[in-house]
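Q: Provided below for reference: sequence and predicted model.
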Amino acid sequence: MKGRVAVLRTYGGEFELREYPVPEVEPGAILVRLTRAGVCGSDLHIWRGEMKETYGASPRDLTFGHEMCGRVERLGAGVTADSMGQPLREGDRVTYCYFFPCGRCPVCLHDEMGSCPRKVRPNRVAGTPPYFNNAYGDYYYLRPGHFVFKIPAEISDDIATPSNCALSQVLYGLRRAGLRAGHTVVVQGAGGLGINAVAVARDMGADQIIVIDRLPDRLELARAFGADHTLNAVELATADRRVDAVKELTGGFGADVVADLVGYPEVIPEGLRMLRGGGCYLEVGSIAPGNVFSYDATALVRGNVRLVATSNYSPWALEQALAFLRRNLKRFPFERVVSHVFPLERISDAFQQADWRERLAGPPRLSRAAISM
Ligand SMILES: [Zn+2]
Ligand SMILES: [Zn+2]
């Protein structure tokens, strides 16, 4: 039996599909037959060649992709339940963390598994056994002892796909930032992370949610996901005007939590100025190296500012993300987050269109692309 893997040989270029043998499943492991994979902002960074420090000056038979879901194809010996203790059988739909914390170090012990220094990175060179190490392919080999969760029946594959990335990350981040019921939150950036953050903040009981973006259709989607106020950064063309607008909406004091979900460091200083005294700035957006910003440390001290940055998440967040989806399926239009689904044979089109539309201002825009297997 063989399965396909999408391989990239030139940044910004076309993928080629290669076939590899489907591996035997060792005890404790799970072979997943993938049904969906997401094209995340970080996947676009990789495809464009903006993360060469990690992926090399030119891609060496690169396979990647980290947002996905699928069905259990084969269970390794000894696997009988998911990480919540629910019985797991072949054919069950599952999601899982795409990174592998060691579970045996001081960082993991302090429930910071997302930044475990010993975490195993998925192998990204095509042809490395067990061959199916990333999301853009027919299978995924889930190594022994890993965190895995059954997807509740009422959550579709399209809605479940981003749950192991954007949704879990913002849920984990907003918890760490100390968001509580009654708080005012500013969300900088209404892309995939931002839209999820708005819905999660609403679910956590935020009183007022203010969203800033440059694109009207993204702001409209943010309102559909529960934003109370949206600020168009093109109309409010300067940082001063945007800070003033937030102050005005918060009685002059600023927000309890401000979250950067943009990925350009220019937004950080203005976001810090939007905080109330003692508020928390949550940094999530900066993932490509070189995102340097400048700010007066004295203003941080005088403002009693808390800074929280999060990479990945602890595995409990994924279980909470599924519960959040189940609880809010009728409340928010999750089906609008993925706008275009391409079959694996057309993965190059998916990336080209997602890239092109991300650079283009104004509707109609691709909010998010997915790949179906
Ligand atoms: Zn992602
Ligand atoms: Zn560890």
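A: Received it, and whenever you're ready, just let me know what you need. Ligands and ions are numbered 1, 2, ... in the order given.
Q: Report the contact partners of the residue nearest to Val7 when sequence neighbours are not counted.
A: When the adjacent residues along the chain are set aside, Val7 lies closest to Ala126, with 4.4 Å between them (Cβ to Cβ, 6 or more residues apart in numbering). Every C-beta, even on glycine, is put in place using the N, C-alpha and C of the backbone. Ala126 makes contacts with 5, 7, 18, 20, 61-63, as judged by Cβ atoms under 8 Å, 6 or more residues apart in numbering.
Q: now do Cys280
A: Contact analysis of Cys280 by Cβ under 8 Å, 6+ apart lists 177-178, 256-258, 305-308.
Q: is it true that Asn232 touches Pro216?
A: Yes. With contact defined as Cβ atoms under 8 Å, Asn232 counts as touching Pro216 (6.6 Å).
Q: Nearest residue to Leu34 in space, please, no chain neighbours.
A: Spatially, and ignoring its direct neighbours in sequence, Leu34 is nearest to Gly70 (4.0 Å; Cβ to Cβ, 6+ apart).
Q: Doesn't the one you found belong to a helix?
A: No. Applying DSSP: H, G, I helix; E, B strand; the rest coil, one finds Gly70 to be strand, outside a helix.
Q: That one and Arg36 touch, don't they?
A: Yes. Using Cβ under 8 Å, Gly70 is in contact with Arg36, at 7.5 Å.
Q: Got the phi and psi for Phe15?
A: Main-chain torsions, Phe15, degrees, to the nearest 10: phi -90, psi 150.
Q: Which of the residues in stretch 128-136 are classified as buried?
A: 130-136 (16 or more other Cβ atoms under 10 Å).
Q: burial of Ser339, as a residue count?
A: As a burial measure, Ser339 scores 16 neighbours (other Cβ atoms under 10 Å).
Q: wouldn't it be in contact with Ala350 here?
A: No. Shown here, Ser339 and Ala350 do not form a contact pair, counting by Cβ under 8 Å, at 11.2 Å.
Q: what touches both of those two?
A: Ala369.
Q: of all the contacts of Ala126, which two lie farthest apart?
A: Tyr20 and Leu62 (14.7 Å; Cβ to Cβ).
Q: where does the one residue in the stretch 201-350 of the chain that gets nearest to ligand 1 fall, phi/psi-wise?
A: Closest residue of the stretch 201-350 of the chain to ligand 1, Cβ to the ion: Ile287 (9.3 Å). Main-chain dihedrals, Ile287, degrees, to the nearest 10: phi -120, psi -30.
Q: go on, Phe64?
A: phi -150, psi -160.
Q: Where does pLDDT dip in the stretch 251-373 of the chain?
A: 357-367 (pLDDT under 70).
Q: could you redo the last one with a cut-off of 50?
A: Applying pLDDT under 50 to the stretch 251-373 of the chain flags residues 362-366.
Q: Break down it into its helices, ranges please.
A: In the stretch 251-373 of the chain, the helices defined using DSSP state H, counting those that start in this stretch lie at 267-273, 297-302, 316-328, 347-359.
Q: can you tell me which residues contact Tyr11?
A: So Tyr11 contacts 47-49, 58-59 (Cβ under 8 Å, 6+ apart).
Q: Can you go through these and name the buried ones?
A: 47, 49, 59.
Q: In this structure the second one contacts Gly12, no?
A: In this case it means Gly49. Yes. Using Cβ under 8 Å, Gly49 makes contact with Gly12 at a distance of 6.3 Å.
Q: which residues touch the residue of the stretch 151-300 of the chain found nearest ligand 2?
A: Nearest residue of the stretch 151-300 of the chain to ligand 2 (Cβ to the ion) works out as Tyr172 at 16.2 Å. Neighbouring residues of Tyr172 by Cβ under 8 Å, 6+ apart: 114, 310, 313-314, 317.
Q: sorry, back to before: how about the contacts of Cys280, which pair is most distant?
A: Asp256 and Leu307 (14.2 Å).
Q: Those two: who's more crowded?
A: Set Asp256 next to Leu307 and count neighbours by other Cβ under 10 Å: Asp256 wins out with 23 against 12.
Q: What sits closest to that one if chain neighbours are left out?
A: Once flanking residues are discounted, Asp256 sits nearest to His183: 3.9 Å by Cβ to Cβ, 6+ apart.
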